[in-house]
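A.B. asks: this one's structure only:
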């Protein structure tokens, strides 16, 4: 459910669209590409122009849990920093509900 909501948020709030699921071990969940680039091209992209990492929790135990998870995700996407691509990190909490969206350049 977190991935589905994150995809909707990406499409609604950013200039990106999702092109495919990333390979395990890359440190992120989905490849993103700028929507205007994707719409103007019919070529197949070997990789996107940004990365998306998504995490969801049913109910946080404290106010700091969301921030802690966001920091953990920043560290996780660092595995793929060699590509020098921006990352969008989305953490969803379903109990309140709450969402935190951050970018890492």
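C.D. replies: Ah, there it is. Everything numeric here is computed off the predicted structure, so don't read it as measured data. Residues are numbered from 1 along each chain as shown.

A.B. asks: drop to CA atoms for contacts and neighbour counts, all remaining ones
C.D. replies: Noted.

A.B. asks: for this structure, give me the ranges with low pLDDT.
C.D. replies: Residue ranges of the chain with pLDDT under 70: 38-46.

A.B. asks: helices of that one, start to end?
C.D. replies: 2-13, 35-39, 65-77 (DSSP state H).

A.B. asks: report the buried residues of the last one.
C.D. replies: Under the neighbour-count criterion of 16 or more other Cα atoms under 10 Å, helix 65-77 has 66, 69-70, 73-74, 76-77 buried.

A.B. asks: mind putting those residues in TSV, distance to residue 20 included?
C.D. replies: TSV is the format used below for the buried residues of helix 65-77 (distance: Cα to Cα, whole Å):
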residue	distance to residue 20
66	26
69	24
70	22
73	19
74	20
76	19
77	16
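
A.B. asks: residue nearest the centroid of this structure?
C.D. replies: residue 52 (2.4 Å; Cα atoms, centre = their mean).

A.B. asks: my guess is that residue meets residue 31, correct?
C.D. replies: Yes: contact criterion Cα atoms under 8 Å: residue 52 and residue 31 qualify, at 6.3 Å.

A.B. asks: ok, the closest residue to residue 57 other than its chain neighbours - how many residues close by?
C.D. replies: The shortest distance from residue 57 to any residue other than its chain neighbours is 5.0 Å, reached at residue 93 (Cα to Cα, 6 or more residues apart in numbering). For residue 93, the neighbour count with other Cα atoms under 10 Å is 18.
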